[in-house]
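1. Give me a 3D structure for the following:
(4 chains)
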There are 2 protein chains.
Amino acid sequence: MEGNNNGPRRAATVKDVARAAGVSIASVSRVINGTGPVAQATRRRVTDAIARLHYVPHQGAASLVTRRHGVVGLLLPELHAGMYAKLIRGIEDAARRHGRHLLVCNLTGDAARDAATLTTLTGRVDGLLLMAPHRHEEALAELLPGDVPAVLLNTRADSGRNVLTVDNYGAVMEVMRHLKRCGRRVVAHIAGPAGNHDAEERVRAWRDALATYWPGTEAPFFRGDFEQESGRAAGQAFAASPEPPDAIFAANDLMAAGAMRALADAGLAVPEDVAVVGFDDVPLASLLSPALTTVHVDVESFGRCALERLLRLTGEPALAQERCEPVPSTLVVRESCGSAAAPARARRA
Amino acid sequence: MEGNNNGPRRAATVKDVARAAGVSIASVSRVINGTGPVAQATRRRVTDAIARLHYVPHQGAASLVTRRHGVVGLLLPELHAGMYAKLIRGIEDAARRHGRHLLVCNLTGDAARDAATLTTLTGRVDGLLLMAPHRHEEALAELLPGDVPAVLLNTRADSGRNVLTVDNYGAVMEVMRHLKRCGRRVVAHIAGPAGNHDAEERVRAWRDALATYWPGTEAPFFRGDFEQESGRAAGQAFAASPEPPDAIFAANDLMAAGAMRALADAGLAVPEDVAVVGFDDVPLASLLSPALTTVHVDVESFGRCALERLLRLTGEPALAQERCEPVPSTLVVRESCGSAAAPARARRA
DNA sequence: CGCGACACTGTAAGCGTTTACACTGCGCCC
DNA sequence: GGGCGCAGTGTAAACGCTTACAGTGTCGCG
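-> Numbers count the residues shown, from 1 in each chain, chains lettered A, B, ... in the order given. Predicted coordinates for the structure are as follows:
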């Protein structure tokens, strides 16, 4: 190591601070971490020295002896980007409150590479949050060293692991109940991609609701992929069928919007001819015309719950009693399902 | 599987692996890092032992001696969530390709707390990406230790720091040029929040374009906040004015959509009476009716560029020649500006 | 046969922290 | 006044890893 590559200045260490403050490194450490008793005068001298030297502790060295990293990892599959932002927000927010940091990784779908990611991550975190809606990520979870606490997100509950899920089933049931109350007779479904946990749960609930509220009837099913184009295709298919459904429940808002567009293009009126309901409550949902009825999931809370669940696994005492109920998800009734009072808006001629 | 977290089992270390494999810790390290020559047989024994013991290296210990964390930090202000997901995606993707991880932090706006965040982060990263559209974050950047490489995102270019920005100005100019070509006479602007760098740049470009393409004329200005409600308010205000503008450029899609909604409610047709253009190209923009003309910014590329710029700062050799041009941003012409061929869609009666 | 080059391996010295432990004074109570 | 407790401090031993350096043994070539 020739040492000249990026300047001669090495970062300051506790030793430097101790020397500058005229105390021992132990005292410096005590000041920084607030452990043990320190005289006011000493504290002053140390904090001054720290400021003067721009000293920043090397967390790696600290974690070496404390056996804590103060970091939790978050592994995200190639998801529809919608949730990302809020989920991360929720988790990061909770993490900060509990003095942790968040290491975010995207999974690639490549088994070997993702496994490698998992491993390097494991070496620098106290615990792991793994979004695992597909088989792929579940398989990944198998590789987790047993001593790394982990919470799986949106996974089948019957995996042996610690799991946290959104209440897809209940929410969809509510959607269907509402559609029934609105007097709709045939509720088609535009599903998310096969193999996706949320998508499957929504399909399951849709089927069950069908059997419960419309016993003995059939309803059209379209396999989408959470993208708007597939929603459009579904809408076209439904509109072109001899007896179009009078309601559509799409597994997310993007597909719902795509379907609405296709219906409009086909001359079908929403909600008069066809009611449409989505899922997610994306920001623009209320601005579509008609405004989209959808299911709002509090993704930030979900993230927060996930993190606190994880911390509980690592034995965070303050969290012992904080029960973290299944994440709230609520039906947001707007115009597209036709149940709201007819909105007093001017129609375009 | 709870309760076992404070069990007696300590994580395996190089020493354990070395013993299990019957070699020295140096050889283990060499196998793990691919440094120095190792006999095939030895390598086998070591990798076997690693697998058997579920050994995962302690990165903190490693960074202690290598002086590299393999992690870059990303600091995000309280932004409109839209960009988040893609930005993080872009950065994380590039980071993975360069063997780095991503530590994500939200800033709170609280100066003291954010400063603390900055400091703890600094101790565990090789460099920092700081999204700094507001004064607040710029001030934060001042606190950065001089020896921590950092790239500021979407900040005034005249700060002394290393900065990477989206080409707001050029994009808005293109929008305005297009509106001029469409024959619009009065282009109103719905601005983002004051003090936001992007918002200000878009205002600046709007003003300059006004002076260039519509010299001597005035146009309505509305101060929004990037949220749909403010767009709606703006739309209402414009519609209620004695001489409504015949074009509106909103600083983002959410406000544009809000404005479109308000215009429709007021009986004004888009694009016939008023052309509307947004900024961001959010997923649902193409599904609004009429589909929203907007500016598409490749946020993922932006993230990638930012990361590579940062790595270059830390002296990544492979990146020396890779020039990272200003991030592409392109006008996406749809229906809301009235320039596209009239779409052959059925009109609702 | 000797000797250098080479492939491979082991030993040991840190890297920057935290913390157990030992040591000072000092005030206080019997 | 001698012991005790306690606030305040320092010393030194880890923590798990990388790597300079110092060995080994093997081969090829003069």
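2. is it true that A:T117 lies in a strand?
-> No - judged by DSSP: H, G, I helix; E, B strand; the rest coil, A:T117 forms no part of a strand; its state is helix.
3. mind checking how far it is from B:H101?
-> Going from A:T117 to B:H101 by CB to CB, to the nearest Å gives 9 Å. The C-beta positions use only the backbone N, C-alpha and C, and glycine is treated the same way.
4. In space, what's closest to A:R45 - neighbours in sequence excluded?
-> Take A:R45 and drop its neighbours on the chain: the residue closest to it by CB to CB, 6 or more residues apart in numbering or on different chains is A:A21, 4.3 Å away.
5. next one: phi and psi at that neighbour?
-> Backbone torsions for A:A21, taken as degrees, to the nearest 10, come to phi -90, psi -10.
6. do A:G231 as well
-> According to degrees, to the nearest 10, A:G231 has phi -70, psi -40.
7. which one of A:T117 and B:H101 has more residues nearby?
-> B:H101 (24 against 20; other CB atoms under 10 Å in any protein chain shown).
8. Quick check: pLDDT value at the more buried one.
-> pLDDT recorded at B:H101 is 90.
9. likewise the one 10 residues further on?
-> According to the predicted model, the pLDDT of B:A111 comes to 89.
10. can you pull the buried residues of stretch A:48-57?
-> A:A49, A:I50, A:L53, A:H54, A:Y55, A:V56, A:P57 (16 or more other CB atoms under 10 Å in any protein chain shown).
11. ok, residues contacting that stretch?
-> A:11-14, A:16-17, A:20-21, A:28, A:31-32, B:119, B:122-123, B:145-147 (CB atoms under 8 Å, 6 or more residues apart in numbering or on different chains).
12. So which of the residues you listed are in helices?
-> Of the contacts of stretch A:48-57, the ones assigned to helices by DSSP state H are A:V14, A:D16, A:V17, A:A20, A:A21, A:V28, A:V31, A:I32, B:T119, B:T122.
13. and the two most separated of those?
-> Greatest spatial distance in the ones in helices among the contacts of stretch A:48-57: A:A21 and B:T122, 20.3 Å, computed using CB to CB.
14. Now name the helix or strand holding the spatially most central residue of chain A.
-> In chain A, the centroid-proximal residue (CA atoms, centre = their mean) is A:L87; its distance is 3.7 Å. Assessed by DSSP states H and E, A:L87 sits inside helix A:81-97.
15. elements contacting that helix?
-> Contacts defined by 3 or more CB pairs under 8 Å, 6 or more residues apart in numbering or on different chains; DSSP states H and E place helix A:81-97 against strand A:71-76, strand A:101-106, helix A:299-313, helix B:81-97, strand B:101-106.
16. Who are the contact partners of the nearest residue in space to A:K180 that is not next to it in sequence?
-> Computed as CB to CB, 6+ apart, the closest residue to A:K180 that is not its neighbour in sequence is A:Y213, at 4.4 Å. By CB under 8 Å, 6+ apart, the residues touching A:Y213 are A:M176, A:R177, A:K180.
17. Next one, pLDDT for A:Y213 please.
-> 97.
18. cool, A:R9 as well?
-> A:R9 is given a pLDDT of 54.
19. returning to that earlier point: quick check: phi and psi at the residue nearest to A:K180.
-> Reported as degrees, to the nearest 10, the phi and psi values for A:Y213 are phi -100, psi -30.
20. what's the spacing between it and A:E174?
-> As for A:Y213, its distance to A:E174 is 12 Å (criterion: CB to CB).
21. quick one: low-confidence parts of the stretch 101-250 of chain A?
-> In the predicted model, the stretch 101-250 of chain A carries pLDDT under 70 at residues A:158-160.
22. Quick one: the helices in it, in order.
-> A:111-122, A:135-142, A:168-181, A:197-213, A:228-240 (DSSP state H, counting those that start in this stretch).
23. excluding its backbone neighbours, what's nearest the residue of chain A positioned farthest from its centre?
-> The centre of chain A is farthest from one residue, A:G22, which by CA atoms, centre = their mean lies 49.1 Å away. In this structure, A:G22 finds its nearest non-sequential neighbour in A:R45, 6.6 Å apart by CB to CB, 6+ apart.
24. Nothing else from me, thank you.
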